[in-house]
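In: build me a model from this:
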Amino acid sequence: MPAVKGDGMRGLAVFISDIRNCKSKEAEIKRINKELANIRSKFKGDKTLDGYQKKKYVCKLLFIFLLGHDIDFGHMEAVNLLSSNKYTEKQIGYLFISVLVSESSDLMRLVIQNIKNDLNSRTPAHINLALHCIANIGSKEMAEELGKEVPKLLVSSDTIDEVKQSASLCLLRLYRTSPSSVPVGEWASRVIHLLNDQHMGVVTAATSLIHDLVQANPEDFKGCISLAVSRLSRIVTSSYTDFQDYTYYFVPAPWLSVKLLRLLQCFGPPDDPAVRGRLNECMETILNKAQEPPKSKKVQHSNSKNAVLFEAISLIIHHDSEPNLLVRACNQLGQFLQHRETNLRYLALESMCLLASSEFSREAVKKHQETVVTALKTERDVSVRQRAVDLLYAMCDKTNAEEIVAEMLNYLESADYSIREEMVLKVAILAEKFAVDYTWYVDTILNLIRIAGDYVSEEVWYRVIQIVINRDDVQGYAAKTCFEALQAPACHENMVKVGGYILGEFGNLIAGDPRSSPSVQFELLHSKFHLCSAPTRGLLLSTYIKFINLFPEIKHIIQDVLQTDNQLRNADAELQQRAVEYLQLSNRTSTEVLATVLEEMPPFPERESSLLAKLKKKKPLGFQEEEKTKSKAMPGVSINNVGGESSTDDPTPQVFLEILIHFVKDCRYMRHKEK
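Out: Residues are numbered from 1 along each chain as shown. Presented below is the predicted three-dimensional model:
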């Protein structure tokens, strides 16, 4: 801003002093109302107000507005100030317009016309004021009217550097407001060459503009890759003394470096070997500087230095093509895992999650497993523990799956409630994805239900049932393990659901042992019946009718339960209907029909686990990068048509059909959830 002498606006200073000296809110309001009345009378009655007086009164209105009072006049006087040739008057006018005039105001047409006049001015200070006003308001109307005017200033050879800098940021605001109103193609190539400008401020502003333009048209801006690499190389290879005006605590141009690195992340690795080699040299230089002793103990120095480092690591991960750089980046991040600064530990864990998805750096990431587990157990900040869980999940493979799952299960008992549900999903996915022995998978899921039953979603226990039904080699073990788990005094309802379903299908596989005889299985399940919710009770009733088919010797015991008043007159219509129809089915159908209706569930069709889809909904950002390898396709849910045409001599055709409906309902409900 140009220096202005003898322009202190004494009246404004007196008014501000009066406001500050007010002893109460009422006194302040009284003084403000008096001043507003005076200003209103001056604007209406005195037609000879000069620019200085208008500026003074507009300034007072602006100050009153900033105190929280509404201003409903003075807008036209502020617009008139825009026509002044004095910088301070024009400045106050633009300031008032930027703060108090809305996009939909009728005065906006006049404002835009004044802005056009100033953009065509030969005075750089006036041009800058107009550009600042455009950037502050940034309305769609301004984008449509001025979208072709601002780029002319940006690419003109006559424009000074300060105006180019403002024009870049102004154009960025207009482009974000209305991309269609800014004709990018006409000046794209000339904007790219601003990256080679001698003025660092112009380069910094232009980089922000180009970064946004690239998002929509990456092919049109591929030419900026070599220029960005060249500029980055000059910054990182120079001494901080070479950029005196743009050095921040001994770090040369950190903001520009970060912007250039982010810009390069919009593209893949450079096609030109020379450019690619130069970029790799830049990355190596940044990694080398991270190992150097700090030049200052100030936190600003370490923050700016680490900002450039983390952005460089993000670019290395994005390109995912240089094994040496990826491993070096991993080792550098590993040093931050035990840093005393919490933010650095968080960022290191977050970046290593992405590195774990690269085939070049996965093994290097796994070397830090013990440190990550320690962080999971000892970190005070829950967000850092969350990132530790994410990293353990990302680095898990067949070689360390059992160890990582065991550590996550151990931590789950004391985990913060905000991350338990996500941890349960991740443990379930890892157990399924890397299960070599499916008995271990069954043990893990049942242990998961025992530890965090309230956080185990339906998808998790549906999944274990589907897998057990599809694998003959694990069915007996699953039945035995569920039976033992149900014997615990305090048993979670999800465990009852899994146990009821598994024993109903495969309880006969363990019935030979006197300790798990049919009557013992039934009594164990029925002891949980009164503690469960209505949906679980419905599932247990289905298990009971399955038991009648599996174990005819306990048919009378189950029928006695089904025909009690608690069942036949249950207030829940669904439970009452099931009890009545299951009782009729067991009494009035032949053994062959009963065996057909209640036969073992057929294998479910192969499909991707629904747990992955659920986890993606919870963590949409970055999840696909962690999940480069899909989980093994596992069984889904289906049901075969059972039974055929009913004979006209069948005394219970309606009961038979409704029994089928119940089983179809149970199984299709599972299939719907799986989808």
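In: my read: residue 557 touches residue 522, true?
Out: Yes. Counting by CB atoms under 8 Å, residue 557 does reach residue 522; the two are 6.5 Å apart. From N, CA and C alone the C-beta is placed, and that goes for glycine too.
In: neighbour count winner among those two?
Out: Legend: neighbour count by other CB atoms under 10 Å for residue 557 and residue 522, higher for residue 522 (21 against 18).
In: you'd agree that one is in a helix?
Out: Yes. Per DSSP: H, G, I helix; E, B strand; the rest coil, residue 522 lies within a helix segment.
In: what is the neighbour count of residue 577?
Out: 16.
In: separation between it and residue 569?
Out: 12 Å (CB to CB, to the nearest Å).
In: over to residue 250?
Out: Counting by CB to CB, the gap from residue 250 to residue 569 is 83 Å.
In: those two: which is more packed in?
Out: The neighbour comparison of residue 250 against residue 569 (other CB under 10 Å) goes to residue 250, with 16 against 10.
In: which residue comes closest to that one once chain neighbours are left out?
Out: residue 295 (4.1 Å; CB to CB, 6 or more residues apart in numbering).
In: again, but for residue 130
Out: Using CB to CB, 6+ apart, the nearest residue to residue 130 is residue 118, at 3.8 Å.
In: so how far is residue 153 from the one you found?
Out: 11 Å.
In: and for those two, which residues touch both?
Out: Each of residue 127 lies in contact with both residue 118 and residue 153 under the rule CB atoms under 8 Å, 6 or more residues apart in numbering.
In: give me the number of residues near residue 370?
Out: 9.
In: list the contacts of the closest residue to residue 69 other than its chain neighbours.
Out: Nearest non-adjacent residue to residue 69, counting by CB to CB, 6+ apart: residue 32, 6.1 Å away. Taking CB under 8 Å, 6+ apart, we find residue 32 in contact with 19, 64, 67, 69.
In: any of the residues you listed buried? List them.
Out: 19, 64 (16 or more other CB atoms under 10 Å).
In: turn the contacts of residue 32 into CSV, including secondary structure and distance to residue 597.
Out: Putting the contacts of residue 32 into CSV (DSSP: H, G, I helix; E, B strand; the rest coil; distance: CB to CB, whole Å) gives the following:
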residue, secondary structure, distance to residue 597
19, helix, 87
64, helix, 83
67, coil, 80
69, coil, 79
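In: which pLDDT does the model give residue 656?
Out: For residue 656, the pLDDT comes out at 37.
In: same deal with residue 219?
Out: So, for residue 219, pLDDT stands at 88.
In: swap in the one 3 residues further on?
Out: In this model, residue 222 is scored at 90, pLDDT.
In: run through the residues that contact the nearest residue to residue 226 once chain neighbours are set aside.
Out: Of all residues not flanking residue 226 in the chain, residue 275 sits nearest, at 5.0 Å (CB to CB, 6+ apart). By CB under 8 Å, 6+ apart, the contact set of residue 275 is 225-226, 229.
In: what about residue 275, distance to residue 225?
Out: In terms of CB to CB, residue 275 sits 7 Å off from residue 225.
In: residue 83: which element?
Out: Taking DSSP states H and E as the definition, one finds residue 83 inside no helix or strand.
In: which residues sit in contact with it?
Out: 114, 117.
In: residue 143 too?
Out: 174-175, 177-178, 181-182.
In: can you pick the most crowded of the residues you listed?
Out: Scoring the contacts of residue 143 on neighbours with other CB under 10 Å, the highest-scoring entry is residue 174 at 25 neighbours.
In: and stretch 34-45, how far from the chain's centre?
Out: Offset of stretch 34-45 from its chain centre (CA atoms, centre = their mean, to the nearest Å): 53 Å.
In: what are the buried residues along it?
Out: Quick answer for stretch 34-45 (16+ other CB under 10 Å): 35-36, 39, 43.
In: counting neighbours, what do you get for residue 251?
Out: Based on other CB under 10 Å, the number of other residues close to residue 251 is 25.
In: ok, for it, nearest residue in space, not its chain neighbours?
Out: Nearest non-adjacent residue to residue 251 (CB to CB, 6+ apart): residue 304, at 4.2 Å.
In: surely that neighbour is within a helix?
Out: Yes. Per three-state DSSP, residue 304 lies within a helix segment.
In: would you mark the buried spots in stretch 120-129?
Out: 126-129.
In: and those residues, which is closest to residue 601?
Out: residue 128 (75.3 Å; CB to CB).
In: surely the closest one is in contact with residue 163?
Out: Yes. Using CB under 8 Å, residue 128 is in contact with residue 163, at 6.1 Å.
In: rewinding a little: which of the contacts of residue 143 fall in helices?
Out: Taking DSSP state H as the definition of helices, the contacts of residue 143 contribute 174-175, 177.
In: pLDDT and distance to residue 584 added to these, as CSV?
Out: Output for these, formatted as CSV (pLDDT from 0 to 100; distance: CB to CB, whole Å):
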residue, pLDDT, distance to residue 584
174, 94, 75
175, 93, 72
177, 93, 70
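In: tabulate these (JSON lines), appending distance to residue 218.
Out: JSON lines is the format used below for the ones in helices among the contacts of residue 143 (distance: CB to CB, whole Å):
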{"residue": "174", "distance to residue 218": "21"}
{"residue": "175", "distance to residue 218": "15"}
{"residue": "177", "distance to residue 218": "21"}
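In: got a pLDDT number for the residue nearest to residue 95 when sequence neighbours are not counted?
Out: Closest residue to residue 95 apart from its sequence neighbours, by CB to CB, 6+ apart: residue 62 at 6.7 Å. At residue 62, the model reports a pLDDT of 94.
In: am I right that residue 62 is in a helix?
Out: Yes. The assignment for residue 62 by three-state DSSP puts it in a helix.
In: that one touches residue 100, doesn't it?
Out: Yes. Contact criterion CB under 8 Å: residue 62 and residue 100 qualify, at 7.3 Å.
In: what's the overlap in contacts for these two?
Out: By CB under 8 Å, 6+ apart, no residue touches both residue 62 and residue 100.
In: any low-confidence regions in this protein?
Out: For the chain, the stretches flagged by pLDDT under 70 are 1-8, 240-242, 607-608, 618-675.
In: try it again at 50.
Out: 1-6, 620-661, 663-665, 667-675 (pLDDT under 50).
In: can you map out the strands along the stretch 101-250 of the chain?
Out: Secondary structure of the stretch 101-250 of the chain, counting by DSSP state E, counting those that start in this stretch: strands at 247-248.
In: circling back: helix, strand, or coil at the residue nearest to residue 250?
Out: Under three-state DSSP, residue 295 comes out as coil.
In: what are the phi and psi values for it?
Out: phi -80, psi -10 (degrees, to the nearest 10).
In: tell me how many other residues crowd it.
Out: If you count neighbours by other CB under 10 Å, residue 295 ends up with 12.
In: output stretch 358-377 as PDB - backbone C-alpha positions only.
Out: C-alpha atoms of stretch 358-377 as PDB (Å, rounded to 0.1, in the frame of the first residue of the first chain):
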ATOM      1  CA  SER A 358       3.500 -51.100  -2.500                       C
ATOM      2  CA  GLU A 359       5.200 -54.400  -3.500                       C
ATOM      3  CA  PHE A 360       8.600 -52.600  -3.300                       C
ATOM      4  CA  SER A 361       8.300 -51.300   0.300                       C
ATOM      5  CA  ARG A 362       6.000 -53.900   2.000                       C
ATOM      6  CA  GLU A 363       8.800 -55.800   3.500                       C
ATOM      7  CA  ALA A 364      10.500 -52.600   4.800                       C
ATOM      8  CA  VAL A 365       7.200 -51.600   6.500                       C
ATOM      9  CA  LYS A 366       6.900 -55.000   8.100                       C
ATOM     10  CA  LYS A 367      10.200 -54.500   9.900                       C
ATOM     11  CA  HIS A 368       8.500 -51.900  12.100                       C
ATOM     12  CA  GLN A 369       5.700 -54.200  13.200                       C
ATOM     13  CA  GLU A 370       7.000 -54.400  16.800                       C
ATOM     14  CA  THR A 371       7.200 -50.600  17.000                       C
ATOM     15  CA  VAL A 372       3.700 -50.200  15.700                       C
ATOM     16  CA  VAL A 373       2.300 -52.800  18.200                       C
ATOM     17  CA  THR A 374       4.000 -50.800  21.000                       C
ATOM     18  CA  ALA A 375       2.400 -47.600  19.700                       C
ATOM     19  CA  LEU A 376      -1.000 -49.300  19.700                       C
ATOM     20  CA  LYS A 377      -0.600 -50.300  23.400                       C
END
